[in-house]
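**Student:** Here you go, sequence then predicted model.
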Amino acid sequence: MRLFDTHAHYVSNAFNADREAVVAGLPERGVTRVVCPGDDLAASERAVELAARHPHVYAAVGVHPEECGGWDEGQLEAVRALAGRPKVVAIGEIGLDYHWPDNPPRELQKLAFRQQLALARELGLPAIVHDREAHGDSLEIVRAEPGARGVFHCYSGAVEDARTLVRLGWYLSFTGTITYKNARKALEVIQAVPLERIMIETDAPYLTPEPYRGRRNDSGYVHLVAERIAQVKGLTAEEVAEATYQNALAFFGIEE
Ligand code: NI
């Protein structure tokens, strides 16, 4: 079984003590491709550097809604420049986060999201979208950029919106949260959407799957996400691992 973790934050401080060893050890744990997203310009730069050091790692570059307080034309141009670096396969993560009251103002989040999504379309790259408690506005921005393609990572929306995204050509990806007791809604979404549009991820160092919840997450746990999807869809974990692997290769434009 080979696995593609489409979203793991190996530039996070949580990996400062052992980053290179954890990342280098992933292929022997079955994880032979990983996309490491940025959440601000500095993290995006570090993701590009990490990808340069490890053959199985790819980078995404972008400014996350929680980090977009200083968003301006200069940051947009900096994301554009980073997107041209080797092994950058997506713009992300970008999107909207209405959860925390002290997040940047919603209008600024929307501007940063709209401009980075337009940049992704212009560059022919997919977007990795973070949508937390902002489902209506996120979908509205996606609809307003019909040439853009992307994935809603750690999908947390309704079945109806998931069907709409699939119709628009978008993908959904799922994390260890689908192994939690309260995952009913996400499991309904997994039942409702075709496997061809699903990818798996850890969102490491966060969202560690059961039965390891509470520990630091890393891509070595992503098989637990594949197993949960397999149970829901009545498939084997191997089938889900391989299908989501192929989906991710096609989505990110990575050759075998
Ligand atoms: Ni993330």
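**Tutor:** Structure's in. What do you need? Every value quoted in this text rests on a predicted model; they were computed, and no experiment measured them.

**Student:** Tell me the helix or strand right after the lengthiest helix in the chain.
**Tutor:** Counting residues, the longest helix found in the chain (DSSP state H) is helix 106-123. Next helix or strand after helix 106-123 toward the C-terminus (DSSP states H and E): strand 127-132.

**Student:** Can you show me the strands along the stretch 1-150 of the chain?
**Tutor:** For the stretch 1-150 of the chain, the strands defined by DSSP state E, counting those that start in this stretch cover 3-5, 31-37, 57-61, 88-97, 127-132, 150-152.

**Student:** Parallel or antiparallel, list what pairs with the first one.
**Tutor:** This means strand 3-5. Using DSSP bridges, strand 3-5 pairs in its sheet with strand 31-37 (parallel).

**Student:** Output the strand it pairs with as PDB - backbone C-alpha positions only.
**Tutor:** Extracted in PDB, the C-alpha atoms of strand 31-37 (Å, rounded to 0.1, in the frame of the first residue of the first chain):
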ATOM      1  CA  VAL A  31       4.000   7.400   2.600                       C
ATOM      2  CA  THR A  32       5.800   8.100  -0.700                       C
ATOM      3  CA  ARG A  33       4.400  11.500  -1.500                       C
ATOM      4  CA  VAL A  34       3.600  14.500   0.700                       C
ATOM      5  CA  VAL A  35       2.400  18.100   0.000                       C
ATOM      6  CA  CYS A  36       3.600  20.600   2.600                       C
ATOM      7  CA  PRO A  37       1.500  23.800   2.400                       C
END
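
**Student:** what's the average pLDDT for that strand?
**Tutor:** Averaged across strand 31-37, pLDDT comes to 98.

**Student:** now that strand, how far from the chain's geometric center?
**Tutor:** 10 Å (Cα atoms, centre = their mean, to the nearest Å).

**Student:** now the helices for the protein?
**Tutor:** Here the chain has its helices, by DSSP H, at 19-24, 41-53, 73-83, 106-123, 135-143, 159-167, 184-192, 222-233, 237-252.

**Student:** Now render these as TSV, adding mean pLDDT, distance to residue 10 and mean neighbour count.
**Tutor:** In this view, the C-beta of every residue, glycine as well, is placed from N, C-alpha and C. Output for the helices of the chain, formatted as TSV (pLDDT from 0 to 100; distance: least, Cβ to Cβ, whole Å; neighbours: other Cβ atoms under 10 Å):
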stretch	mean pLDDT	distance to residue 10	mean neighbour count
helix 19-24	98	5	16
helix 41-53	98	6	19
helix 73-83	98	17	16
helix 106-123	98	21	20
helix 135-143	97	26	18
helix 159-167	97	27	16
helix 184-192	97	24	17
helix 222-233	98	13	22
helix 237-252	98	16	20
